[in-house]
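Colleague: coords please:
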Amino acid sequence: MNKMKALVLASLVAIMAVFGCQNPISPEQGGSLTVSMTDAVSRSILPGISMNPVSYDLEGTGPDGRTFSQSVSTGGTVTVTNLAFGPWSVIATACNSDGTAIGQGNGSVTLLSNASVSLAITVRPYDGFGTLNLNVSWPAAQVQTAQVQSTLTPYSGSSRDLAFVVNGSAGTASVSASDVATGYHTLILRLLDNGHLAIGAVEVVRIVAAQTTSGTLAFSNVNQATGELEINMTPEMGEPLDVSMSGSAATKPQNQSLALTAAVSNYSDNVTYVWYVNGSPRNTGATFSFDSSWAQGYYRIDVTAFTADGRRAGSATANVQVVGVVETVLPLSMVTVPAGSFQRDADAANISVITQAYRMSAHEITRAQFLAVMGTDPSQTIYSSGTIDPVQRANWYHAIAFCNKLSIAEGLTPVYSVATVSDWAGLAYASIPTSANTDWNAATANWEANGYRLPTETEWMWAAMGATLDSQPGAMVGGINRTGYAKPFAGSTGSNTIGDYAVYGYNSGQAGATTTLRSNAVGSKLANELGLYDMSGNCWEWCWDWSAWSPSYPNGTETDYRGAASGALRVGRGGGWNGGATGCTVAGRGSDIPSYQGSGVGFRVVRP
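Modeller: Reported below is the predicted structural model:
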């Protein structure tokens, strides 16, 4: 809908000061009238004409046919002298910068000898009728038999139907009405297909006397007979009431609710709110619950706001996609990793500090889980024993996409943002890059979000060594884990063996079948002290950090370190089924380009 420009309601304060004798004997002894103009206005939406008064024409009529005419700029003061005593009527006409008269007001006062009289005149827009032109468009291929139902309702008075001329083959409809009363109106429009609602919308319209209000509603997607609905509404509508809607989201799992709240920022008195979903009224008041009763699909939610006198109005809009709930085949088991500090290499001064506890998935993400969330299992099956093995050939881009899609499915706030991705829930696996991509390399993380994400390299290392529960004798010294960095594998006590804890090149062949090395089912080996499985071996695990090899970390104490600011390679940790024991150490590092898809590379996730 076109933005309607600002309505101006100007108040003119005319102060009439009376001086001289009781009877007008000569011009020098007549009364005087001082008119002070003030631009105390409220703002609204107008079609194609400025309603901002920049000047006023004053016409006065007094006793015995006496008159005066004066002009004054907005906010100026004019004094009319030598006026006869008696009754005077004053008409004030407001003009905009084009010199067009846009409103009028009047008042009367009686000039008495030796008295001062004040006259207040309120200038309002002209009453009458204006023209409303509306155009509607939709994808013609998505609607078989189009009908348009539309009503226009003034703040006070009866609704009227708008008879649109429909061109179904072109996907357009239009209407022109030249007899619409001035003021604010609520426009409700529904697009039907064979009598069934395809999509609907609500807009606030303002009509000005002898002027034309034009607008367009462009429906990019509509509900079709298949039950699929895609909506991308872009209303171009301004409103005098600055209405905002909070609590919305681009997507909502069907089993979750959105608590929506409307507010007006530029008006302090009471307003009336009405909520609409796809053009149908649903609720009144400042709040609305978009709950679990709504089916999967696309919805436009509108809220309108009117002042008590109907002179100001506005609206706000949100588009919400209701999505299904992803059920992972093997539910994620999350293990709490406490906050703490550790020595990260042989230099006792190099301390890493983690200030907040976090939860880490007990297992690497499985092929079945990846398939359930992403719709595709990219693993190379010749190197896998089954669907509860770690997912393979998931590059770093795939891993952050999985995190965001799983977060949305569980009603959590996604962590990652990529400039070219606006709909993570609807993002197809095939759309995720498999070669270097500048936009995905520039991905950012919202560290305050409660959704799933990749661990930082520091978080991974702290969890792998067992954190504060490290079972090596003397590991914790003064509240700092001093020896965990040197562990040959996650879960090492100094006396146990790596084969019990890690699937790696020595033991990953399937007994009784072939000597082919491959991944094993997650959790097939023993867990470390925290209850985390496969922190060493099975698959290398992507971390968030860009790799910085010279040195791997800055020297000294680092608090909540999140890696280098940029780079060419992303870090991998933990070793894999196709590598030796040296890759399984707690301090061991690998890295590769973010688009790399290897049969020995997977990931696990963390969240607050």
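
Colleague: which one's the longest helix in this protein?
Modeller: The longest helix of the chain (DSSP state H) is helix 396-409.

Colleague: can you give me how far that one is from the chain middle?
Modeller: Average the C-alpha atoms of helix 396-409, do the same for its chain, and the two points are 19 Å apart (C-alpha atoms, centre = their mean, to the nearest Å).

Colleague: ok, the spatially closest residue to residue 517 that is not a sequence neighbour to residue 598 distance?
Modeller: Distances taken as C-beta to C-beta, 6 or more residues apart in numbering place residue 508 nearest to residue 517, at 4.6 Å, with adjacent residues excluded. Every C-beta, even on glycine, is put in place using the N, C-alpha and C of the backbone. To residue 598, residue 508 is 15 Å away according to C-beta to C-beta, to the nearest Å.

Colleague: Residue 271 now?
Modeller: Taking C-beta to C-beta, one finds residue 271 at 59 Å from residue 598.

Colleague: next one: residue 185
Modeller: Taking C-beta to C-beta, one finds residue 185 at 62 Å from residue 598.

Colleague: what does residue 420 give?
Modeller: Taking C-beta to C-beta, one finds residue 420 at 25 Å from residue 598.

Colleague: The two: which is more packed in?
Modeller: Each of residue 420 and residue 598 has its neighbours counted (other C-beta atoms under 10 Å); residue 598 has more, 18 against 11.

Colleague: who's in contact with the more buried one?
Modeller: Neighbour list for residue 598: 392-393, 540, 592 [criterion: C-beta atoms under 8 Å, 6 or more residues apart in numbering].

Colleague: how does it look with 7 Å?
Modeller: residue 393 (C-beta atoms under 7 Å, 6 or more residues apart in numbering).

Colleague: Next, it: secondary structure please.
Modeller: With DSSP: H, G, I helix; E, B strand; the rest coil as the basis, residue 598 sits in coil.

Colleague: next helix or strand past the helix or strand hosting residue 215?
Modeller: Assigned by DSSP states H and E, residue 215 belongs to strand 212-218. Note on strand 212-218: by DSSP H and E, the next helix or strand toward the C-terminus is strand 243-246.

Colleague: which strands and helices sit next to that next one?
Modeller: With contacts taken as 3 or more C-beta pairs under 7 Å, 6 or more residues apart in numbering; DSSP states H and E, strand 243-246 sits against strand 258-264, strand 297-307, strand 313-323.

Colleague: what angle sits between the first one and strand 297-307?
Modeller: Spelled out, it's strand 258-264. 30 degrees (axes from the mean of the first three to the mean of the last three C-alpha atoms, to 10 degrees).

Colleague: Check which residues of the next helix or strand after strand 258-264 are buried.
Modeller: Counting by DSSP H and E, the next helix or strand C-terminal to strand 258-264 is strand 271-277. Within strand 271-277, the residues scored as buried using 16 or more other C-beta atoms under 10 Å are 271, 273-277.

Colleague: now swap in stretch 464-478 and tell me
Modeller: Within stretch 464-478, the residues scored as buried using 16+ other C-beta under 10 Å are 464-470, 472, 475-476.

Colleague: again with stretch 92-104
Modeller: For stretch 92-104, by 16+ other C-beta under 10 Å, it's 92-96, 102-104.

Colleague: quick one: contacts for residue 96?
Modeller: 50-54, 102.

Colleague: one more time with 8 Å
Modeller: 49-54, 102.

Colleague: Distance check, it against residue 49.
Modeller: In this view, residue 96 and residue 49 are 7 Å apart by C-beta to C-beta.

Colleague: again with residue 572
Modeller: Separation of residue 572 from residue 49 (C-beta to C-beta) stands at 65 Å.

Colleague: between those two, who's got more neighbours?
Modeller: residue 572 (28 against 16).

Colleague: where does this structure have its least confident helix or strand?
Modeller: None of the helices or strands of the chain scores lower by mean pLDDT, DSSP states H and E than strand 10-17, at a mean of 30.

Colleague: which residue sits closest to residue 96, ignoring its sequence neighbours?
Modeller: residue 50 (4.4 Å).

Colleague: C-terminal to the longest helix of the chain, what's the next element?
Modeller: Next along the chain from helix 396-409, counting by DSSP H and E, comes strand 416-417.

Colleague: Partner strands of that next one, with direction?
Modeller: Strand 416-417 has the following sheet partners, assigned by DSSP bridges: strand 444-445 (antiparallel).

Colleague: pLDDT on the partner strand, on average?
Modeller: Mean pLDDT, strand 444-445: 97.

Colleague: chain center to that strand, what's the gap?
Modeller: Using C-alpha atoms, centre = their mean, the offset of strand 444-445 from its chain centre is 16 Å.

Colleague: likewise stretch 524-535?
Modeller: With C-alpha atoms, centre = their mean, you get 40 Å for stretch 524-535.

Colleague: pLDDT value on residue 330, please?
Modeller: Value listed for residue 330 in the pLDDT field: 53.

Colleague: same question, residue 7
Modeller: 31.

Colleague: Could I get the full set of helices for the stretch 451-600 of the chain?
Modeller: Assigned helices in the stretch 451-600 of the chain, in chain order: 457-464 (criterion: DSSP state H, counting those that start in this stretch).

Colleague: Which stretches in it count as strands?
Modeller: Counting by DSSP state E, counting those that start in this stretch, the stretch 451-600 of the chain has strands at residues 476-477, 480-481, 540-546, 558-559, 570-573, 589-592.
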